[in-house]
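Participant: Below are the sequence and a predicted model for it; my questions follow.
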Protein chains: 2
Amino acid sequence: MTASKSPTSGVIVYQRLRRAILEQALKPGTRLREDAIGEQFGVSRTIVRQALVRLESEHLVDTQRNRGACVAEPTLDEAEQIFEIRHCLEAEVIRRLVQRISVIGLESLDAHVDQEDRVRGKDGPVSIRLAGEFHILLAELTGNKILCNYVSELVTRCSLILAMYSRSHSSDCAVDEHRQIIQALRDKDIDAALSIMNHHLGAVQGRASLSGDDDDNLQSVLARYAEDPKA
Amino acid sequence: MTASKSPTSGVIVYQRLRRAILEQALKPGTRLREDAIGEQFGVSRTIVRQALVRLESEHLVDTQRNRGACVAEPTLDEAEQIFEIRHCLEAEVIRRLVQRISVIGLESLDAHVDQEDRVRGKDGPVSIRLAGEFHILLAELTGNKILCNYVSELVTRCSLILAMYSRSHSSDCAVDEHRQIIQALRDKDIDAALSIMNHHLGAVQGRASLSGDDDDNLQSVLARYAEDPKA
DNA sequence: TCCGAAAAAATCGTATACAAAAATATTTTG
DNA sequence: CAAAATATTTTTGTATACGATTTTTTCGGA
């Protein structure tokens, strides 16, 4: 058990903000003023700045000199490129898992989808996050950390894209399709697995239209994420 | 004309350090003390810290709380995973370029390899960097920025790996093979292109793993000198 | 001499201070 | 009244300050 030390404050703020973005609580374009965030999290701007640098290097926020940071707003062009690479990497994930996935792995996938089912219908931030985390879990099961990292990054960026361009955030990932993917993996049916994944991502990708924006204000959103106890 | 503003100091320091790592001037394990760097670049620790955070999020440096930062030392396991994903992504690059590459693109590749030839034999940091940048240029020509980003990241990490595990840093990338790749792209011969790229990366990769056990830790060094007193 | 504990130095983590730039409000001018 | 000009406030960029933690050094005792 590698009892890693408590992360530095900057990392914690980074994680919280990141989750807020993944759950689409922080919407694209939202301005991220440094003292506002610092006040919410009870830290100084120094720390907030670190978190923002991290987020920027993941392309989750855009920063302009002397103008501060905003939650990134991928263009449709970028969105397409992101989805393309996501397709590419998740196909690699599927190929690897079909070839070799453990029983335990399949079980954890089942468990995850069960959890998705449980919060289903609520259509809230949690269900959005879980949908993304299914794909991250798949990547984790390959055992390749780099692959997992990239997929995780792309999933979060896709969440941004959906927040921008999709009007119905409901069923961003059909839970049913997640189950089909698991089944195909269980059957070691690579063609089925790949085609379902492609269809699945395609469906997500397909929803690209303009959406009206209903923004929460920064303070109330951050208040929720400032004290979230579950890592 | 996008006259982008001058980057913030943190970004500049980050870029400089990054290049130093790519050129293997900063070797894996090198401690990166904050004031030492700050003094060198004429900036405060605040700025250096930002640069280190950036590098850390790219996995080019490792940071331990209260213990500072070091140039990352990928394990053999990580090295293997990195190469695997690099294979995967560079294959995607090849597939895309065979399908559609412009004449201008081919010309810029030629120009790059010419440059590689020119500094060849010198075997210095510049040639190491150019070798890596050939692959980054390939990725750029696909027009997909995300793909390019990831390849660029992986190339730099591979430079780290070679610095760690390869004893002869010379010709980390055979210029000749670069030319062969260009030719295959010109011929739109996807099989040739893929196979050359695979061989090319495999060669680089192979050099790394075979010498994996000769790290300069005291134990193994003493062991060698204990039984073979050639010095 | 060698080992361990205490003291000193070096280094990091974070908050704060202040200058520079941008955004906003106010006044002036036509 | 509108638009330009100026003053004010806000916000960012960077340096510095200071407590906390780690590393190194010193030194007394076995």
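Facilitator: Perfect, I can see it now.

Participant: contacts, neighbours, all on C-alpha from now
Facilitator: Will do.

Participant: in chain A, which spans are strands?
Facilitator: In chain A, the strands defined using DSSP state E lie at A:31-32, A:61-64, A:68-71.

Participant: wait, which of the ones you listed is closest to A:R86?
Facilitator: strand A:61-64 (19.1 Å; C-alpha to C-alpha).

Participant: and the closest one, which strands flank it?
Facilitator: The strands that strand A:61-64 pairs with in its sheet are strand A:68-71 (antiparallel) (by DSSP bridges).

Participant: Can you confirm whether the strand it pairs with lies near DNA strand D?
Facilitator: Yes: for strand A:68-71 and DNA strand D, the contact criterion (C-alpha under 7 Å from any atom of the strand) is met by A:G68, A:A69.

Participant: Show residues contacting that strand.
Facilitator: Residues outside strand A:68-71 that contact it (C-alpha atoms under 8 Å, 6 or more residues apart in numbering or on different chains): A:21, A:26-34, A:52, A:60-63.

Participant: pLDDT averaged over it, what's the number?
Facilitator: Strand A:68-71 carries an average pLDDT of 97.

Participant: Kindly report the same for stretch A:184-200.
Facilitator: The model assigns stretch A:184-200 a mean pLDDT of 89.

Participant: contacting residues for the most centrally placed residue in chain A?
Facilitator: Centroid check for chain A by C-alpha atoms, centre = their mean gives A:T156 as the closest residue, at 2.9 Å. Taking C-alpha under 8 Å, 6+ apart, we find A:T156 in contact with A:I21, A:L22, A:L60, A:G132.

Participant: will you turn those residues into TSV that also has pLDDT, distance to chain B and neighbour count?
Facilitator: TSV is the format used below for the contacts of A:T156 (pLDDT from 0 to 100; distance: C-alpha to the nearest C-alpha, whole Å; neighbours: other C-alpha atoms under 10 Å in any protein chain shown):
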residue	pLDDT	distance to chain B	neighbour count
A:I21	95	18	24
A:L22	93	18	27
A:L60	98	13	26
A:G132	93	19	22
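
Participant: care to break chain A down by domain?
Facilitator: A:9-73+A:213-226, A:76-206 (automatic domain parsing).

Participant: which stretches of chain A aren't confidently modelled?
Facilitator: Of all residues in chain A, those with pLDDT under 70 make up the ranges A:1-5, A:123, A:167-173, A:203-217, A:227-231.

Participant: ok, A:E90 - contacts?
Facilitator: A:A139, A:V151, A:M197.

Participant: and the gap between the spatially closest residue to the first one that is not a sequence neighbour and B:A72?
Facilitator: So the one you mean is A:A139. In space, A:A139 comes closest to A:C148 once its chain neighbours are excluded; the distance is 4.8 Å by C-alpha to C-alpha, 6 or more residues apart in numbering or on different chains. For A:C148, the distance to B:A72 (C-alpha to C-alpha, to the nearest Å) stands at 19 Å.

Participant: Kindly report the same for A:G121.
Facilitator: From A:G121 to B:A72 the distance is 45 Å (C-alpha to C-alpha).

Participant: ok, the two, which is more surrounded?
Facilitator: B:A72 (23 against 11; other C-alpha atoms under 10 Å in any protein chain shown).

Participant: can you pull the contacts of that one?
Facilitator: With C-alpha under 8 Å, 6+ apart, B:A72 has these contacts: B:P28, B:G29, B:H59, B:L60, B:V61, B:D62, B:L160.

Participant: Kindly state the beta-bridge partners for the residue lying closest to it once chain neighbours are set aside.
Facilitator: Excluding the flanking residues, the one nearest B:A72 by C-alpha to C-alpha, 6+ apart is B:V61, at 4.3 Å. Here B:V61 sits in beta bridges with B:V71, going by DSSP bridges.

Participant: Next one: B:V61 relative to B:V71, how far apart?
Facilitator: Applying C-alpha to C-alpha, the value for B:V61 to B:V71 is 4 Å.

Participant: quick one: buried residues of the longest helix that chain A contains?
Facilitator: When chain A is parsed with DSSP state H, its longest helix is helix A:76-99. By 16 or more other C-alpha atoms under 10 Å in any protein chain shown, the buried positions in helix A:76-99 come out as A:79-98.

Participant: Those residues of chain A touching DNA strand C, which are they?
Facilitator: Near DNA strand C, when you scan chain A using C-alpha under 7 Å from any atom of the strand, you find A:T8, A:S9, A:G10, A:G42, A:V43, A:S44, A:R45, A:T46, A:I47, A:N66, A:R67.
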